[in-house]
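Colleague: Here's my sequence, what's the structure:
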Amino acid sequence: MVEHEVENLMDRITIAISRVVMFVIAFVVAIMFYEVVMRYVFERPTLWVNEMSLWLAGGIYLLAGLYVMQQRGHIRIFILYDMVPRGWQRLFDTISVVLICLFAAGIVWGGFNEAWAKMMRWETFGTAWDPPIPATMKPLVLLTVVLIAIQSVTNLIADWNKEKEVHDLAEEVKEEHID
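Modeller: Residues are numbered from 1 along each chain as shown. The predicted model follows:
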């Protein structure tokens, strides 16, 4: 896969975050391997690996959405999108961005007080290891949704004057098999 070009500051931020997250994925794999060895070879299971991997994987999942938005990898119904002139495509893109921003605003509006409360009291998971998963994940959800909305706006601006692009499913499938 060829990455979409970096066109603005938000793209740089998104790419930087995604590069860090790539290493976090490797860290999750490493600690899970450690857990398997400790549990089945040495019969000394850990208290923390399962929760740490869940915690980190949750963050990875959230931040992957930001990367997908920057790469323009989100789902579109190309059969309709490709049939209309570029002006209509811009209208569809604008409607999508407005809906994404409204969704983000709704999530932040509805979730801010709870996220703030969990972070301020440093709410923990309630297990033996007791990591602060709720105190960190709730605010991360809000932050990620805001970043995705900002990325969608910057994508709209960056793509506004681009030529009409027609998607050929047969070509995309062929390219995947070549790689």
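Colleague: Please report how far the closest residue to Val166 other than its chain neighbours lies from Arg76.
Modeller: Excluding its sequence neighbours, the residue lying closest to Val166 (C-beta to C-beta, 6 or more residues apart in numbering) is Asp82, at 5.0 Å. (C-beta placed from N, C-alpha, C; glycine too.) Counting by C-beta to C-beta, to the nearest Å, the gap from Asp82 to Arg76 is 9 Å.
Colleague: His4 now?
Modeller: For His4 relative to Arg76 (C-beta to C-beta), the value is 14 Å.
Colleague: list the buried ones in the strand or helix carrying Met22?
Modeller: Assessed by DSSP states H and E, Met22 sits inside helix 9-40. Burial within helix 9-40, assessed by neighbour count using 16 or more other C-beta atoms under 10 Å, is assigned to Met10, Asp11, Ile13, Thr14, Ile17, Ser18, Val21, Val28, Ile31, Glu35.
Colleague: Give me the most central residue, this protein.
Modeller: By C-alpha atoms, centre = their mean, the mean C-alpha position of the chain lies nearest to Gly65, the distance being 2.1 Å.
Colleague: which strands and helices sit next to the host helix or strand of Ala64?
Modeller: Per DSSP H and E: Ala64 is located in helix 49-70. Contacts defined by 3 or more C-beta pairs under 8 Å, 6 or more residues apart in numbering; DSSP states H and E place helix 49-70 against helix 9-40, helix 133-159.
Colleague: Could you check the angle that helix makes with helix 9-40?
Modeller: 160 degrees (axes from the mean of the first three to the mean of the last three C-alpha atoms, to 10 degrees).
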